[in-house]
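Participant: need a structure here:
(chains A and B)
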Number of protein chains: 2
Amino acid sequence: MNTFTTMEIKQSIFADNDQDAERLRQELKQEKTFLLNLMSSPGAGKTTTLTQTIAALQDEFRIGIMEADIDSDVDARAISKTGAKVIQLHTGGMCHLDADMARQGIRGLGTKDIDLAILENVGNLVCPAEFDTGAVKNAMILSVPEGDDKPLKYPLMFQVCDVLLINKMDVLEYFDFDLEACKERAKKLNPDISVIPISAKTGEGIGAWADWLRQEVKRWCAGE
Amino acid sequence: MNTFTTMEIKQSIFADNDQDAERLRQELKQEKTFLLNLMSSPGAGKTTTLTQTIAALQDEFRIGIMEADIDSDVDARAISKTGAKVIQLHTGGMCHLDADMARQGIRGLGTKDIDLAILENVGNLVCPAEFDTGAVKNAMILSVPEGDDKPLKYPLMFQVCDVLLINKMDVLEYFDFDLEACKERAKKLNPDISVIPISAKTGEGIGAWADWLRQEVKRWCAGE
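Facilitator: Take a look at the predicted model:
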C-alpha cells in the first residue's frame, strides 16, 4: 500500500517562466516554506542523499519531498519509508520542471505543515538547468563515477546551482576522478558555488551538507 | 593543435522529424554508410566505449565519429587520438539531436570514405530518446553506478534502443547493482533488445559488442 499521492503534472500555461518563478518564491516567503530544487544526472544518488538529509534534519524541520519522474514511483516509495511527507509527480515525458509545475507539486504537498520542501527534479544535467522552478536555492549532485570533466560539458547546470554535492566519495579510489580539478572547474564557472564532498552511502559529509541547508532554511523562514 | 573540425549545429527547419529521419536513412543506404546513434546519461562512458570500439573495428571499417556536446571539445580531443576521423558538433544548448542535425554532422564528416559513422549524442536519458536521428541502429550505455532501476524510470530510452551496453562491470562489486534484474526490466520494456555487459576500462565484453556491431554494419553495407 502506498503512503503517498501521485499527481500527473500539467504543462504550464505561463509564457514567462522567470516571472512566474519569482511569484512562487514570494508566495513561499509568505508561507515560510523553503523550497530546494535538487538536480543531477540519472543515478547520481539524489534519492539516497535525500534519505540522509531527512534523517539529519527531521527533528528540526517539517520536511516534504516532491519526487518528479517521467514514470514509476520507485523514489517516492523509498522516501516514504523515512516518515517524511512525500508526493510523486509524474511529468508525462517532460524532461524538466518549471515554476508552474513546481507550484502544482507544492499545492499537492501543502505548505501549512512544511518548513523545508525539496523537489527532486528529473534526472538530467541539461534541461532542468534552463528553468527556474521558483526554488529558493538550487543544489546539484555530481557523482564520482560520472567524471571530473562534467563542469566543462554541462556548464549551465554548474552556473545555476548554489551548492554542488560530490557524491559517492566512498568509491573515489576505483575511479580516475580528480576532486581538486573538478572543484576548480566548477568554481571557474561559478565562483560562489559551495562544494561539499559526500557519500550518501556511508554518511560522509552529510553533516556539512545538513549545516549548509539548515542555515539557508533558518534564514528564509526568519524572513531574511 | 586540434585535428578535428568543430561545427555549430543549427536548429532544424523540418516539421516532420520522423519523415526526415527516414529520408536520411535512405540517403545513408545509397552511400553505404551505417549510422549508429549512441546515447547514455552523462558520464556513463560513451567516449571510452567508442575508443575501444574504434580499436576493435578500425582494421575492418573506415570509422567516423561525431561528438555532440552542448559545449567543450573534451571528447573530440580524446577520440582524435585514436586516429579515427572525428568532428565536434556543438548543439548550442540543445538537449538532443534530431535527423536534420545528424545530417548536418554527417555532411560535415563526409560519407565517401566512411563505412561506420557513430553519433555520440548529448549525455541525457530523456530527450534524445524522443527524436529519431536517422540512425540505422540505436545503442545505449547504462553504467553500473547509475543503478539497476533505470529502465523503470526512463522507459522510452530502453524502448527505442536495439542494444543496451551495461558498462563499468569492473566496479560491479562496489555497487548494489543486480545485473539480472536490470536485464529483466529492459527486456520487459523491449523484448528484442540485446544486452551486453562490458567494461570500457578493462576491455571486458568489447569483443561481443564489436561482433554485434560488425554484423549490423556488414548487413547494411551489403544492402540487406
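Participant: Does anything pack onto the longest helix along chain A? Which helices or strands?
Facilitator: Using DSSP state H to assign secondary structure, the helix with the most residues in chain A is helix A:206-221. Packing contacts for helix A:206-221, counted by 3 or more C-beta pairs under 8 Å, 6 or more residues apart in numbering or on different chains; DSSP states H and E, involve strand A:34-40, helix A:46-57, strand A:163-167, strand A:194-197. Every residue, glycine included, has its C-beta placed from N, CA and C.
Participant: May I see the buried residues of it?
Facilitator: Across helix A:206-221, burial judged by 16 or more other C-beta atoms under 10 Å in any protein chain shown covers A:206, A:209, A:210, A:212, A:213, A:216, A:217, A:220, A:221.
Participant: Show me which residues of chain A sit near chain B.
Facilitator: Taking C-beta under 8 Å from any C-beta of the partner chain as the contact definition, chain A meets chain B at A:41-43, A:69-72, A:74-75, A:93, A:95, A:122-127, A:130, A:143, A:145-147, A:149-150, A:152-156, A:168, A:171, A:174-175.
Participant: what about the longest helix of chain A, average pLDDT?
Facilitator: Helix A:206-221 carries an average pLDDT of 97.
Participant: Check the offset of that helix from the chain's centre.
Facilitator: 13 Å (C-alpha atoms, centre = their mean, to the nearest Å).
Participant: between that helix and helix A:46-57, how many degrees?
Facilitator: In terms of direction (axes from the mean of the first three to the mean of the last three C-alpha atoms, to 10 degrees), helix A:206-221 departs from helix A:46-57 by 70 degrees.
Participant: Now do helix A:206-221 against strand A:34-40, angle only.
Facilitator: Using the same axes, to 10 degrees, the direction of helix A:206-221 lies 140 degrees away from that of strand A:34-40.
Participant: got the contact list for the residue most central in space within chain A?
Facilitator: Centroid-nearest residue in chain A: residue A:38, 1.2 Å away (criterion: C-alpha atoms, centre = their mean). The neighbourhood of residue A:38, defined by C-beta atoms under 8 Å, 6 or more residues apart in numbering or on different chains, consists of A:46, A:49, A:50, A:118, A:119, A:120, A:121, A:139, A:140, A:141.
Participant: so which of those comes closest to residue B:195?
Facilitator: residue A:46 (25.5 Å; C-beta to C-beta).
Participant: Of the contacts of residue A:38, which is the most crowded?
Facilitator: Compared across these, residue A:121 has the highest neighbour count, 30 neighbours, by other C-beta atoms under 10 Å in any protein chain shown.
Participant: So what does that one have for phi and psi?
Facilitator: The phi/psi pair for residue A:121 (degrees, to the nearest 10) reads phi -70, psi 170.
Participant: give me the low-pLDDT residue ranges for chain A?
Facilitator: Applying pLDDT under 70 to chain A picks out residues A:1-2, A:11-14.
Participant: residue contacts, the residue nearest to residue A:116 when sequence neighbours are not counted?
Facilitator: What sits nearest to residue A:116 in space, not counting adjacent residues and going by C-beta to C-beta, 6 or more residues apart in numbering or on different chains, is residue A:61, at 4.4 Å. With contact set as C-beta under 8 Å, 6+ apart, residue A:61 has these partners: A:115, A:116, A:214, A:217.
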